[in-house]
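1. sharing a sequence plus its predicted fold:
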Amino acid sequence: MTEGMTTGYASTRSTVLVGLDARVVDIEADAVPGGAELHLVGLPELSVWPARARIRSAIFNSGTAWPDAKVTASVSPAIPPVYDAAADLALALATLAASGVVPPERIAGRVFLGELALDGGICPIRGVLPAVRAAVTSGIRTVVVPAGCAPEAAQIPGAVVIPVTRLGEVIERLRNGTLDGYRYRPPEPLATASPPRQGLDLADVPGNEAARRALEVCAAGGHHLFLVADGPATMLAERLPGILPPLSREAAREVAEIYSLAGRSNKTPGARVPISSPHHTSTPAAIFGSVAGNRPGAVSLAHRGVLHLADAPEFARPTLDGLSRPMDTGEVRITGLGRTVRYPARFTLVLDVRRCPCPQEQPCACTPVDRRRYLRWLALLLPRIAVRAPVGWENSSGGVGESSAAVAARVVAARVRAAHRLAETPWRTNTEVPALELRTSFAAEPEAVELLRSAVNTGLLTVEGFPRLLRVAWTLADLRGADRPGLDDAAGALELWKGADSGEGR
């Protein structure tokens, strides 16, 4: 054994993420006399060799001799089938502490996060926000994180964040007891900071009054939107976040944790409403997220914001069908590798389609059968979309449209009315209210209900579509400041339902 080294036991803490659910794990190490060996227990089988190789190389390249002892390091509870390397730093320090290289008491009661590079560097990790939150919630305030993650980790109230860059630096600070002196302190904001970037304005899209009205209704009630586009549908979709209220503190936290897990913390929208616009060639993992990479997809990046699918029929059928569940439940659940991960995904969906598959530069030669066939892959989605509108270039010429600020003011007023009505419930917007509650606690005027029932009886509306249009009627009532939906609101909801005249999914 190397001179001055002893054998013994040491323990510390790290975290493990399954989706956005973080848990604190115990990292233990025990060293006994013997050959220079390292056994890792509690890691997925395929992760043992890579983790051991990273830890061994990082220790060698940090200027520290490898302990001449047989060390067993354990993670408890055992890590799920996918190991994201965030516990590398804790495993290395527990190994060194059990071997007497650093004092064991100086790593106890702390959480260490970081992936080790072969040269001894400590690499940033994804999911720092939920990981640090889990540590603080469990009663551990001191968290050692990669320096690149420190500004993000410091957002968690109550966390004492210590940034580190190299394993050798951590070993030296633990030896001389100065690690606590390197607490991260966020820089003071500059007084001359630039104003926030202004969003895209609806005033840039004149005309298309039906589509603009549909956009306003969807913003006020959280409803999904279907645009049949011969015109600037994408321009309208991009401006929907600009008329939505800023995110609440809790919603902004949820969004920030999703972006942290996705490795896009530098693009966190803050209080701004996020928008996600995946391309139709995106893989299912890119759209919904993955178990293997423990990474959320585009639908979760749209959480509490807008998910825009341009040219929707071009997306793969499984992708479009897969959207139906998060539209109903507000989350994505993916099962694989022996576990199930959950990613939040409560979004406002904007689908835009062309009227037919013909290229826009050519005269249309499609028959009604061709048009129905073009929309056939939307069969599961269209019944879930209560607001529909046409978009055309011929309606976009001349004049200046109403500004986003003016529309947003009406949206906020409607949201305030809805929030007051739903204050004692778990729901935030009209679109979240269950059908049973629409018949009991939040009943519309009898004549409004009767109009929608007659639409069901005549086949214009399905039984499943009935509560969706009642929710839209509530939103129309909120926009005009009424206490309950009346006949005009029900009629308006029906007009929005028929607005795009898609001929499908009713």
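-> Looks like it arrived, so ask away.
2. C-alpha from now on. contacts and neighbour counts both.
-> OK.
3. got any ranges where the stretch 251-400 of the chain has weak pLDDT?
-> 359-362, 394-400 (pLDDT under 70).
4. do that again at 90, thanks
-> Applying pLDDT under 90 to the stretch 251-400 of the chain flags the ranges 265-271, 291-294, 335-340, 354-380, 382-383, 391-400.
5. got it, and the stretch 51-200 of the chain?
-> Within the stretch 51-200 of the chain, the stretches with pLDDT under 90 are 64-69, 78-84, 180-181, 185-200.
6. surely A271 and L247 touch.
-> Yes: if you go by CA atoms under 8 Å, A271 and L247 touch, sitting 4.8 Å apart.
7. who has more neighbours out of these two?
-> L247 (19 against 16; other CA atoms under 10 Å).
8. tell me if I'm right that that one and V273 touch.
-> Yes: at 6.2 Å, L247 counts as touching V273 under the criterion of CA under 8 Å.
9. okay, and the common contacts of these two?
-> Residues touching both L247 and V273 by CA atoms under 8 Å, 6 or more residues apart in numbering: R304.
10. where do the strands sit along the stretch 1-150 of the chain?
-> Assigned by DSSP state E, counting those that start in this stretch, the stretch 1-150 of the chain shows strands spanning 9-18, 21-33, 37-41, 69-76, 111-112, 115-116, 122-123, 142-146.
11. by contact count, what packs against the fourth one?
-> Other helices and strands packing on strand 69-76, by 3 or more CA pairs under 8 Å, 6 or more residues apart in numbering; DSSP states H and E, are strand 21-33, strand 37-41, helix 88-98.
12. quick one: closest of those to A491.
-> strand 21-33 (44.1 Å; CA to CA).
13. who's in contact with the spatially closest residue to F288 that is not a sequence neighbour?
-> For F288, ignoring the flanking residues on the chain, the nearest one in space by CA to CA, 6 or more residues apart in numbering is G297 at 4.5 Å. Taking CA under 8 Å, 6+ apart, we find G297 in contact with 262, 285-290.
14. which of the residues you listed has the most neighbours?
-> Most surrounded of the contacts of G297: other CA under 10 Å gives G289, at 26 neighbours.
15. ok, it touching A298?
-> Yes: under the criterion of CA under 8 Å, G289 makes contact with A298 at 7.4 Å.
16. surely V255 forms part of a helix?
-> Yes: V255 forms part of a helix when assessed by DSSP: H, G, I helix; E, B strand; the rest coil.
17. so is R333 in a helix, a strand, or just coil?
-> Of the three states, R333 takes strand according to three-state DSSP.
18. the nearest residue to it once chain neighbours are set aside: what secondary structure?
-> Closest residue to R333 in three dimensions, ignoring its sequence neighbours and counting by CA to CA, 6+ apart: R342, at 4.6 Å. When classified by three-state DSSP, R342 comes out as strand.
19. closest to A310 out of the contacts of G297?
-> Distance to A310, by CA to CA, is smallest for I287 among those, at 13.7 Å.
20. residue contacts, that closest one?
-> Contact partners of I287, counting by CA under 8 Å, 6+ apart, are 278, 297-299, 319.
21. repeat for A220
-> Counting by CA under 8 Å, 6+ apart, A220 makes contact with 244, 411-412, 414-415, 475, 479.
22. inside helices: which ones of these?
-> Secondary structure from DSSP state H places 411-412, 414-415, 475, 479 of the contacts of A220 in helices.
23. got a winner among those for most neighbours?
-> T475 (33 neighbours).
24. where does the residue nearest to it when sequence neighbours are not counted land on pLDDT?
-> Using CA to CA, 6+ apart and skipping the chain neighbours, the partner closest in space to T475 is G221 (5.3 Å). pLDDT for G221: 96.
25. how about T6?
-> Note for T6: predicted pLDDT of 59.
26. which residues of the stretch 301-450 of the chain fall in helices?
-> In the stretch 301-450 of the chain, the helices defined using DSSP state H, counting those that start in this stretch lie at 317-322, 324-329, 368-374, 404-421, 435-439, 446-457.
27. deepest-packed of those, please.
-> Counting by mean count of other CA atoms under 10 Å, helix 404-421 has the highest mean neighbour count of these, with a mean of 18.
28. that one - what's its average pLDDT?
-> Here helix 404-421 scores 96 as its mean pLDDT.
29. distance between that helix and the chain's centre?
-> The gap between where helix 404-421 is centred and where its chain is centred comes out at 24 Å by CA atoms, centre = their mean, to the nearest Å.
30. coming back round to it: which of the contacts of A220 lies closest to G492?
-> Looking across these and measuring by CA to CA, the closest to G492 is T475, at 10.4 Å.
31. that closest one is in contact with V217, isn't it?
-> Yes: here T475 reaches V217: they are 6.7 Å apart, a contact under CA under 8 Å.
32. and the helices and strands packed on strand 69-76 as CSV, adding distance to S324 and mean neighbour count?
-> Compiled in CSV, the helices and strands packed on strand 69-76 are given as follows (distance: least, CA to CA, whole Å; neighbours: other CA atoms under 10 Å):
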stretch, distance to S324, mean neighbour count
strand 21-33, 23, 21
strand 37-41, 41, 17
helix 88-98, 39, 29
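33. just the element for the residue positioned nearest the centre of the chain, please.
-> Nearest to the mean C-alpha position of the chain, by CA atoms, centre = their mean, lies S300 at 3.5 Å. Assigned by DSSP states H and E, S300 belongs to helix 298-301.
34. again with A229
-> strand 225-230.
35. strand partners (parallel or antiparallel) of that strand?
-> Strands that pair with strand 225-230, judged by DSSP bridges, come out as strand 348-353 (parallel), strand 387-392 (parallel).
36. now find how far off-centre the first one is within its chain.
-> Here the centre of mass of C-alpha atoms in strand 348-353, compared against the chain's by CA atoms, centre = their mean, lies 18 Å away.
37. so which of the helices of the stretch 301-450 of the chain comes closest to A92?
-> The closest of those to A92 is helix 324-329. By CA to CA, the value is 40.2 Å.
38. ok, and what's touching the closest one?
-> By CA under 8 Å, 6+ apart, helix 324-329 touches 331-332, 345-347, 380-381, 384.
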